[in-house]
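Chemist: Output the structure for:
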Amino acid sequence: MTRSVLTYQWAEGWNSTGRWGWTNDRRLRFSGRSGPLFVWRTDNWRVHYAEFDRGSAGPVLPDSFDGVQYSGAQAAAFDQELQSANLQPRWQGVDSPTPVRGLPVLLVLSVLAVLLFGPNPARGTRWFWFWVLTGAPLGLGLIWWLARERPWHPAVTPPPDSNGRDPRDRWYVGLLIAIATSIAASILLYGLRQALGDWYVPPDAAN
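Modeler: Just a heads-up that it's a prediction; the model follows:
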């Protein structure tokens, strides 16, 4: 694995006060020791992490290790492998390159532009989709909008019903859907976090 390591950093864990999102930097928590969290970046800007000394399989030193410098035997053994490969930490933060950071914002602005200035939606009003797109977490609103409205091939807006009302889903339905999906996603992520731990389901993962 050391051949693909461009830059790396040892840490105690992730900072639980940091927000996890598409454009947020990932903050590390340090204790002055190497491990148990090892984070590295490859030359394609992908960030990876691994956890040592928590029951996972890995190299173990036959001799004792420096408990002041390392979190455990596995971290000590892997750090020696890094040093033997002449790799030096040149960490600049677990963030995305500047062009990549702007992609989510550009995507959101493009979707809102299509919603506001594109063809009139056929399944729900513009305000209905506005609340769904901005309120549903984890991109669920965007997926539903693409599957239901198919903006690349829009359907004809239905005429008013016999009472003169717009048969499309109204704004308050979209607001209720956004609130319900947010609550459901929070409950689901809480259950997964309790079962798997913060290492696999970070705090604020739905943001």
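Chemist: Secondary structure element holding I177?
Modeler: Assigned by DSSP states H and E, I177 falls within helix 171-196.
Chemist: Please apply the same query to V114.
Modeler: Using DSSP H and E, V114 sits in helix 98-117.
Chemist: Which other helices and strands does that helix contact?
Modeler: Applying 3 or more C-beta pairs under 8 Å, 6 or more residues apart in numbering; DSSP states H and E, one finds that helix 98-117 makes contact with helix 126-135, helix 140-149. Quick note: C-beta positions are derived from backbone N, CA and C, even for glycine.
Chemist: So which of those has the densest surroundings on average?
Modeler: Highest mean neighbour count among those (mean count of other C-beta atoms under 10 Å): helix 126-135, with a mean of 20.
Chemist: Contacts for that helix next, please.
Modeler: In this structure, residues lying in contact with helix 126-135 by C-beta atoms under 8 Å, 6 or more residues apart in numbering are 111-112, 115-116, 120-121, 124, 141-142, 144-145, 149, 168-171, 173-175, 177-179, 181-182.
Chemist: at 10 Å instead, please
Modeler: Counting by C-beta atoms under 10 Å, 6 or more residues apart in numbering, the neighbours of helix 126-135 from elsewhere in the structure are 108, 111-112, 114-116, 118, 120-121, 123-125, 139-142, 144-145, 148-149, 151, 168-182.
Chemist: any idea how far it is from the chain center?
Modeler: Taking the mean of its C-alpha atoms, helix 126-135 sits 21 Å from the chain's own mean (C-alpha atoms, centre = their mean, to the nearest Å).
Chemist: May I have the phi/psi pair for the closest residue to D43 other than its chain neighbours?
Modeler: Using C-beta to C-beta, 6 or more residues apart in numbering and skipping residues adjacent in sequence, the residue nearest D43 is L6, 5.0 Å away. Backbone dihedrals for L6, given as degrees, to the nearest 10, come out at phi -90, psi -40.
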